[in-house]
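A.B. asks: no sequence for this one, just the structure:
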């Protein structure tokens, strides 16, 4: 992944308008588990070149570092393309790049929510209008402690993508006129839904999703 000096990013790190707090339960379906805590049922190892070991350990999914490349899992079942939420806990165990790159459907395309990229601090969406998570309007900088669990929550509706870390808003973008796509390369293997780390050991747990009815809010 192309790296840039973080000092060049800080002038664009604060969104013009902070997103709202996570929406309430009105109009939302029940949360459904995507991980049974004991096996990778429903998932497969993503066949990235040089990927690290993927295993289930202590009720978590462990992603190994690999040979300086991506390591991840890809969902094998059907998944909605809009009006849904995903949540999970993720932790960076070793390394200094992104530990939770969540690739997800958006209508007839796909996007990735990057957490801890470009030297360990960048959070954002890849890609919007052809621009990576390090260089578009969703770009923010945030520190992540090794070994600490972070609660990640992503919401995709017909016209918006929103995201929260530990219930704190980090992304709120109107996608009505945006070109949504993935960064060129192996991340395409994560479609339709995948979670990956880059040259970093990570742990994942409590993977869930639910459908939402935006008319019921």
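C.D. replies: Happy to help now that I have it. Treat the numbers as computed from the prediction; the structure is a model and nothing was measured.

A.B. asks: which residue packs closest to residue 40, ignoring adjacent ones?
C.D. replies: residue 56 (6.3 Å; C-beta to C-beta, 6 or more residues apart in numbering). Bear in mind the C-beta positions are built from the backbone N, C-alpha and C, glycine included.

A.B. asks: I'd like the distance between the one you found and residue 62.
C.D. replies: 7 Å (C-beta to C-beta, to the nearest Å).

A.B. asks: One more: residue 46?
C.D. replies: 14 Å.

A.B. asks: mind checking the SS state of the residue nearest in space to the middle of the chain?
C.D. replies: Residue closest to the average C-alpha location in the chain (C-alpha atoms, centre = their mean): residue 102, at 2.6 Å. Of the three states, residue 102 takes strand according to DSSP: H, G, I helix; E, B strand; the rest coil.

A.B. asks: got a list of what residue 65 touches?
C.D. replies: 52, 71, 94, 95, 197, 199, 200, 201 (C-beta atoms under 8 Å, 6 or more residues apart in numbering).

A.B. asks: if we go to 6 Å?
C.D. replies: Contacts of residue 65 were listed using C-beta atoms under 6 Å, 6 or more residues apart in numbering, and they are 52, 95, 201.

A.B. asks: tell me which element it is part of?
C.D. replies: Per DSSP states H and E: residue 65 is located in neither a helix nor a strand.

A.B. asks: pLDDT score assigned to it?
C.D. replies: Looking at residue 65, its pLDDT is 95.

A.B. asks: and what of the one 4 residues further on?
C.D. replies: Residue 69 carries a pLDDT value of 91.

A.B. asks: so it makes contact with residue 46?
C.D. replies: No. Checked against C-beta atoms under 6 Å, the pair residue 69 and residue 46 is beyond contact range at 10.8 Å.

A.B. asks: higher neighbour count, those two?
C.D. replies: residue 46 (22 against 17; other C-beta atoms under 10 Å).

A.B. asks: What separation is there between the residue nearest to residue 49 when sequence neighbours are not counted and residue 119?
C.D. replies: Take residue 49 and drop its neighbours on the chain: the residue closest to it by C-beta to C-beta, 6+ apart is residue 69, 6.1 Å away. For residue 69, the distance to residue 119 equals 17 Å [C-beta to C-beta].

A.B. asks: what residues are up against residue 70?
C.D. replies: Contacts of residue 70 (C-beta under 6 Å, 6+ apart): 48, 186, 196, 198.

A.B. asks: switch to 10 Å and redo it
C.D. replies: 1, 46, 48-52, 63, 97-98, 101, 185-187, 189-190, 194, 196-200 (C-beta atoms under 10 Å, 6 or more residues apart in numbering).

A.B. asks: Bridged to it, which residues?
C.D. replies: Beta bridges link residue 70 to residue 198, judged by DSSP bridges.
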